[in-house]
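# For reference, the sequence and a predicted model appear below.
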Amino acid sequence: MPKDWKRRAELRRTAKRLRRLSLRPVPAMAGEDRLRQRVRRQLAGTARYGIDDSVVSAVHEVIESHVVEMEVEILRRHTAEEVELGKAQAQIDGLVTQYDHDEESRGGRIQELKYVKRGARRGVEQRDTPMPAGPDGIEEAGYQTGNVGELAGRGLVTMVVLYVVLALAMVADLITFRQVVERMLNDATVFPLVVALTVTTTYVAHLAGECLRRARETRRRIRRAVLGWGLAGVWLAMGLGAFVFRLLAPAPPSGDAASAWANAGPAPADDGQALGAVLMLLLYGLTGAIALTAGYHRPRAEVAQYTRTSRRLRRAEPRHGALLRDAAEARALRAQLDELRDSRKRQYAVEIDRCRSAARRIRAEAAILIRQLRLEPEQSWLRRRLSGPRPAPAQSEPEPGPPQARED
């Protein structure tokens, strides 16, 4: 399917062309004066030899041939205009078909989004089991009342600040993990491993927070969150292992860190190494606490679905409204085109009637002229008017006589 702006531009071009065609006048092609001159010339050429039935038939043939010529020309112009209007009709019909298909598709999509939004809202308003009936009803263990205020979501500034702080804490973890890993691996493979450890431990803490929140919402008891506590234990074990390794591992004296660790044996930890290990543990715990808090306060699936569906509806509804506007414009343009074609057909039919009416008038005028030409000879002035002035006879020169005598 073409994009909306392309179809809108095509619709505008078609409307402009249709407006130009509607302003084009139907030419008057009766040719009454030209037919009158032809009939007069025909009578002028034959009236001097007398008027008979053949002359009358010839005049009628001239008039009929003129009518046929005019009708052919009118039909030719009408056909050419119909071809142009037919092209515009095909384009408009194609646009209307596309608009109808998109209107049905997008309308159904919007209805689905509204249904999903209502379902998500019902899930937020009241979850699991219904409220117990009666004043002495006991709340069931799996019951969770809804909080419509969660639909407002968290502010953008709050989310940005939380995740910016989390990113900075991950950078601190990245530095401390690098110091730990450098004691076992050489520099070529340190950085990818450090990034993987940092991202993995942060994600585990974030996922543990989500599991604890989910257990609190569904079971009303965090202590039953087996998966959440298990992930928290894994995260804590990773931090304690890194702390012990950072505390006990000696610094590499050469470029081969693994050989130095294998040959040196355990070394007593000095104060600087212990302080570095404690600092690493504190930063690791701070990052985990931030990630755990972000996961625990993450909106649940219903709220996220409600927010996502509302955002899609805000984008889809104005586009659907613009599509409906363009579809209505295309349908109105098709109705105007149908009316224009009918109007042009009537106008060309009127031109054909005008041509036939002119032929009838000329036929009547020719009959009157022929009747006058058949009158008595004293009406011969009409013949002279039709045939034109006759050439004057040439004057003869006087014959020369005998010379006269000269008088003195």
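Structure's in. What do you need?
# Please count neighbours and contacts with C-alpha atoms only from this point.
Will do.
# Show the pLDDT at Met184.
Met184 carries a pLDDT value of 69.
# repeat for Arg41
82.
# can you tell me the helix or strand for it?
helix 32-46 (DSSP states H and E).
# What mean pLDDT does the helix or strand following that helix get?
Downstream of helix 32-46, the next assigned helix or strand under DSSP H and E is helix 53-125. Mean pLDDT, computed over helix 53-125, is 87.
# Now do helix 53-125 and helix 32-46, the angle between them.
Orientation check (axes from the mean of the first three to the mean of the last three Cα atoms, to 10 degrees): helix 53-125 against helix 32-46 gives 160 degrees.
# Please compute how far the helix holding Arg41 lies from its chain's middle.
Counting by Cα atoms, centre = their mean, to the nearest Å, helix 32-46 is centred 63 Å from the centre of its parent chain.
# for that helix, packing partners?
Contacts defined by 3 or more Cα pairs under 8 Å, 6 or more residues apart in numbering; DSSP states H and E place helix 32-46 against helix 53-125, helix 301-373, helix 380-387.
# May I see the buried residues of that helix?
By neighbour count with 16 or more other Cα atoms under 10 Å, helix 32-46 contains the buried residues 32, 35-36, 38-40, 42-44, 46.
# One more: stretch 13-20?
Residues of stretch 13-20 classed as buried: 14-15, 18 (neighbour count, 16+ other Cα under 10 Å).
# Tabulate the CA atom coordinates of it in CSV.
Written as CSV, here are the backbone C-alpha positions of stretch 13-20 (Å, rounded to 0.1, in the frame of the first residue of the first chain):
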residue,chain,number,x,y,z
ARG,A,13,-3.9,16.2,-8.4
THR,A,14,-7.0,14.4,-9.5
ALA,A,15,-9.2,17.0,-7.8
LYS,A,16,-7.3,19.8,-9.6
ARG,A,17,-7.6,18.1,-13.0
LEU,A,18,-11.3,17.5,-12.4
ARG,A,19,-11.8,21.2,-11.5
ARG,A,20,-10.0,22.2,-14.7
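# which outside residues touch that stretch?
By Cα atoms under 8 Å, 6 or more residues apart in numbering, the surrounding residues in contact with stretch 13-20 are 85, 88, 91-92, 333, 337.
# Run the chain-centre distance for that stretch.
Distance, stretch centre to chain centre, for stretch 13-20: 20 Å (Cα atoms, centre = their mean).
# cool, stretch 349-359 as well?
The answer for stretch 349-359 is 48 Å, by Cα atoms, centre = their mean.
# which parts of it are buried?
349, 351-352, 354-356, 358-359.
# need the strands for the stretch 101-250 of the chain, in chain order.
126-127, 144-145 (DSSP state E, counting those that start in this stretch).
# quick revisit: closest one to Tyr203 out of the buried residues of stretch 349-359, please.
Distance to Tyr203 across the buried residues of stretch 349-359 (Cα to Cα) is lowest for Ala349, with 81.7 Å.
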